[in-house]
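K.L.:
Sequence and predicted model, in that order:
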Amino acid sequence: MTSAVALVPAAGRGERLGDKGPKALVPVHGVPLVVRAVRGLLSAGCVRRVVVAAPATALDTMRTVLADAGADALVVPGGADRTESVRLALDAALGESRDVEIVLVHDAARAFTPPELVRAVVAEVAGGSPAVVPVLPVADTVKRVDADGVVTGTVDRADLRAVQTPQGFQVDVLRRCYAAAAGQATDDAGLAERIGVPVSTVPGHPAAMKITTPFDLHVAEALFGVRA
Ligand SMILES: Nc1ccn([C@@H]2O[C@H](COP(=O)(O)OP(=O)(O)OP(=O)(O)O)[C@@H](O)[C@H]2O)c(=O)n1
Ligand SMILES: C[C@](O)(CO)[C@H](O)COP(=O)(O)O
């Protein structure tokens, strides 16, 4: 199978998780999220290099934690927002190796993503899609509300999807996305959309949930075992 380079934005503060320090270093059953995310990517068998964007204040800690766990990754300083962290990781990845064809971007916060999903995204890009995102149908009714919290309408959810990571790109596409990027985007495929690149989808997986709140952490602790 074609192999990819994976960028792991892990430089967030985890404010919604509470006062626990950098979120990527928060452990679930003793194993930090960033270690689980990197191991998950490497265990898919189609990722040959991982570049982690870490908080500038926790660079050494993250290097030590990953090395102690045997999770091989290049750790570079991240930026003030997710877009900037991905940009810095991309620069480092491209500076390190010239023969990259496929790049994945994968949140450290989606630490329990199954390796099958990683393989599915890489296979879709290898099959010719310039940009690929994993998606799930939206289960809840979705409404618009105004500034006072009053409902102004109900959105037709039939064509809505919740988007996960890893998101996969042909390397030149991601390079063009970041060359053109002005300001932030909530995901990397959003940058591809802005420059007119078609983004295709593969079925996502509930285990690729993003650990955002303390509730998510409790769910992860209940659902996932001791081993990464
Ligand atoms: N400056 C930033 C901000 C976010 N991220 C990463 O982007 C991913 C998705 O972000 P999110 O889950 O929203 O994490 P945080 O930004 O840490 O969360 P919060 O908004 O609650 O602080 C995470 O793996 C996070 O570490 C990053 O690399 N650099
Ligand atoms: C990239 C992402 O995981 C796709 O769902 C998500 O947008 C990142 O979340 P954030 O809160 O915008 O950092």
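P.N.:
That came through, no problem. Ligands and ions are numbered 1, 2, ... in the order given.
K.L.:
Quick one: list the elements packing against the longest helix seen in the chain.
P.N.:
With DSSP state H setting the assignment, residue counts place helix 82-96 as the longest helix in the chain. Applying 3 or more CB pairs under 8 Å, 6 or more residues apart in numbering; DSSP states H and E, one finds that helix 82-96 contacts strand 4-9, strand 47-54, strand 74-77, strand 102-105, helix 171-180. For the C-beta atoms, the positions are set from N, CA and C on the backbone; glycine is no exception.
K.L.:
so what does the fourth one touch, helix or strand wise?
P.N.:
Put plainly, it is strand 102-105. Strand 102-105 sits against strand 4-9, helix 82-96, helix 115-126, strand 167-170, helix 171-180, with contacts defined as 3+ CB pairs under 8 Å, 6+ apart.
K.L.:
hmm, who's touching that strand?
P.N.:
Applying CB atoms under 8 Å, 6 or more residues apart in numbering, the contact partners of strand 102-105 are 2-7, 9, 41, 47, 86, 90, 93, 118, 121-122, 125-126, 165-171, 174, 188.
K.L.:
That strand vs ligand 1: in contact?
P.N.:
No. Using CB under 6 Å from any ligand atom, strand 102-105 never reaches ligand 1; the gap is at least 9.4 Å.
K.L.:
List the buried residues in that strand.
P.N.:
102-105 (16 or more other CB atoms under 10 Å).
K.L.:
mind putting those residues in a markdown table, pLDDT included?
P.N.:
Output for the buried residues of strand 102-105, formatted as a markdown table (pLDDT from 0 to 100):
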| residue | pLDDT |
| --- | --- |
| Ile102 | 98 |
| Val103 | 98 |
| Leu104 | 98 |
| Val105 | 98 |
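K.L.:
Which single one of the residues you listed is nearest to Thr152?
P.N.:
Distance to Thr152 across those (CB to CB) is lowest for Val105, with 33.7 Å.
K.L.:
which residues does the closest one bridge with?
P.N.:
With DSSP bridges applied, Val105 shows beta-bridge pairing to Leu7, Gln167.
K.L.:
From Thr213, how far out is it?
P.N.:
22 Å (CB to CB, to the nearest Å).
K.L.:
ok, now Gly79?
P.N.:
For Gly79 relative to Thr213 (CB to CB), the value is 23 Å.
K.L.:
Also Thr154?
P.N.:
Separation of Thr154 from Thr213 (CB to CB): 25 Å.
K.L.:
quick one, which of the two is more surrounded?
P.N.:
Thr213 (13 against 10; other CB atoms under 10 Å).
K.L.:
Just give the closest residue to that one, not the sequence neighbours.
P.N.:
Arg16 (5.4 Å; CB to CB, 6 or more residues apart in numbering).
K.L.:
Thanks a lot, see you next time.
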